[in-house]
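Undergrad: Pasted the sequence and its predicted model underneath.
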Amino acid sequence: MWNLEFRPPAVVPARVIATLPDELRRRQRSAWGDANKAGAIVDCFLEGPVFDASGALYVTDIPHGRILRLDGTGGWHTVAETGGWPNGLALHRDGSLWVADYRHGILRCDPGSGRVETVLGHRNSESFKGVNDLVFDRAGRLYFTDQEQTGLHDPQGRVYRYDAGCGRLDLLLANAPSPNGIALDAEERVLFVAVTRANQVWRAPLMADGSVSKMGAFRTFFGTSGPDGLATTQDGRLLVAHASLGGVFVLNAGGEVTHFLKSPIEASTVTNVAVRPGGGSVVMTESATGAILEAPLPA
């Protein structure tokens, strides 16, 4: 059941607006491809879309450890290489990019110089499992997922909050089967987490003391994979990129699916989603083909 009106979601076609050019593709074996794609040659795998103040779009290329920029004229540029497996990106209010790197933890990248430094490489003396995605609140605190290879067989994925001002790192969740995308609602009273291997999005109210309470399943999906990247809108909707269903689901505040932003690519792997500045449309990473998709955001 998609919604209480027992009506299928309205399908909104997305279109390809950019594709990673051949000269930036790396047709070579990678440790990431060996681990995640049965040894296949993966020339790129794009995730983590985020816009800067000028409207340029940044994405990561996980297997080859790159941060890339797509400018307003359609040009692609290599911004930095982390030496790891960068996944999620978030724009800090000082203009820097913060990176969830599976191998190295939370990194900071200066998009002008390409300089990369470690912000948070471990928790006390314990390494992270494998961080995946991240989001800032308006106070500058960072929420991020620590996913690793967790799943229903090993539900020990984690969610953290980091306050760089005082150096405090709080563990908010420790029992998720593959926590992936993460988002805050517009009022920053609710935390959403895409729990990929459970094929669900979890929802947790944020309490006055900063803790989470009564976390529950907000929406359950189906498919061979599960929800991946998340984004929220100013009018209270949640956008859910589903890696095996070929698009982005639009959910209202009650968890009902009202629209489906559908990829034009067959057998599409839509992993992440971001709202374009101005809020009139969204972009999606089609990771398997190295394409950027765009669809109007329905009223």
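TA: Yep, that arrived.
Undergrad: The closest residue to L134 other than its chain neighbours: which element?
TA: Nearest residue to L134 in three dimensions, chain neighbours excluded: F144, at 3.9 Å (C-beta to C-beta, 6 or more residues apart in numbering). All C-beta spots, glycine's among them, are computed from the backbone N, C-alpha and C. If you go by DSSP states H and E, F144 is part of strand 142-146.
Undergrad: Now do that strand: distance to the chain's middle.
TA: Taking C-alpha atoms, centre = their mean, to the nearest Å, one finds strand 142-146 lying 11 Å from the centre of the chain it belongs to.
Undergrad: what residues does that strand touch?
TA: Here strand 142-146 makes contact (C-beta atoms under 8 Å, 6 or more residues apart in numbering) with 88, 90, 98, 100, 106, 128-137, 157-164, 172, 176, 179-182, 184, 191, 193.
Undergrad: picking that back up, any idea how far the residue nearest to L134 lies from P227?
TA: Distance, F144 to P227, by C-beta to C-beta, to the nearest Å: 17 Å.
Undergrad: and what of A208?
TA: To P227, A208 is 28 Å away according to C-beta to C-beta.
Undergrad: Looking at the two, which is more packed in?
TA: The neighbour count for A208 versus P227, taken as other C-beta atoms under 10 Å, is higher for P227 (29 against 6).
Undergrad: L239 is in contact with the more buried one, correct?
TA: No - counting by C-beta atoms under 8 Å, P227 sits too far from L239 to count as a contact (10.4 Å).
Undergrad: Packing partners of the next helix or strand after the strand holding F144?
TA: Next along the chain after strand 142-146, taking DSSP H and E as the criterion, comes strand 157-163. Counting contacts by 3 or more C-beta pairs under 8 Å, 6 or more residues apart in numbering; DSSP states H and E, strand 157-163 packs against strand 142-146, strand 168-176, strand 179-184, strand 190-195.
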